[in-house]
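Chemist: Next comes the sequence, and after it the predicted model I'd like to discuss.
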Amino acid sequence: MAFSGLKDELLAAQVEARNAKAQLEAEVALNRRVRMAISDLSTSWEVEPMDESREGARGDALVDQLCYLGATLRDRVRDALHIGVKRAMAVVCSGFSYDMEVVSHGFVTDISKTDAENEERLHALIDDAKAPGERLAKLFEPEVLPPETGLGAGGGGEDCAMD
């Protein structure tokens, strides 16, 4: 009888070991995909690639790289915003007669209107500017965006698809 109990325990331990192995293999595969996605992003945005020599702190290295990548991309998006605003101001200056100091303060509100009416007017102006703004933005995209690689983690593009 004792032998039967040990056999059952051994079989249960084998099942647990197989499940743990499968889970570990899935985690290793996911880790590999995450490293590849970070590497692809870093390469496309010309950010220093991950230091793969930190074998002992691989999880920490991934977190560090994601934090660094996030901070770097935030800085670049802020720079892109500033470039876009400066370019838009230059476009206005190139052929229109506006006081750039006044324009630099943003939308002009009508003091004879309520806040709600000014807000409605603002949204109408934004709606009117959408299509021309898209055209103007496309002119400057090469200055602020890295080229599209068409590849996601793993080389097939399916892992980083933006649906």
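Modeler: That came through fine.
Chemist: Distance check, the residue lying closest to Val102 once chain neighbours are set aside against Asp79.
Modeler: Excluding the flanking residues, the one nearest Val102 by Cβ to Cβ, 6 or more residues apart in numbering is Val108, at 7.1 Å. For glycine as for every other residue, the C-beta is placed from the backbone atoms N, C-alpha and C. Distance, Val108 to Asp79, using Cβ to Cβ, to the nearest Å: 27 Å.
Chemist: Would you tell me which helix is longest in the protein?
Modeler: As assigned by DSSP state H, the longest helix anywhere in the chain is helix 2-44.
Chemist: Tell me which other helices or strands that helix touches.
Modeler: helix 58-95 (3 or more Cβ pairs under 8 Å, 6 or more residues apart in numbering; DSSP states H and E).
Chemist: which of the residues in the helix it packs on are buried?
Modeler: Buried residues in helix 58-95, defined by neighbour count with 16 or more other Cβ atoms under 10 Å: Ala61, Leu62, Gln65, Leu69, Thr72, Arg76, Ala80, Gly84, Arg87.
Chemist: chain center to that helix: distance?
Modeler: Centroid separation between helix 58-95 and its chain, computed with Cα atoms, centre = their mean, to the nearest Å, is 11 Å.
Chemist: where are the low-confidence patches of this protein?
Modeler: 1-2, 49-58, 147-163 (pLDDT under 70).
Chemist: For Ala131, pull up the helix or strand it's in.
Modeler: helix 115-144 (DSSP states H and E).
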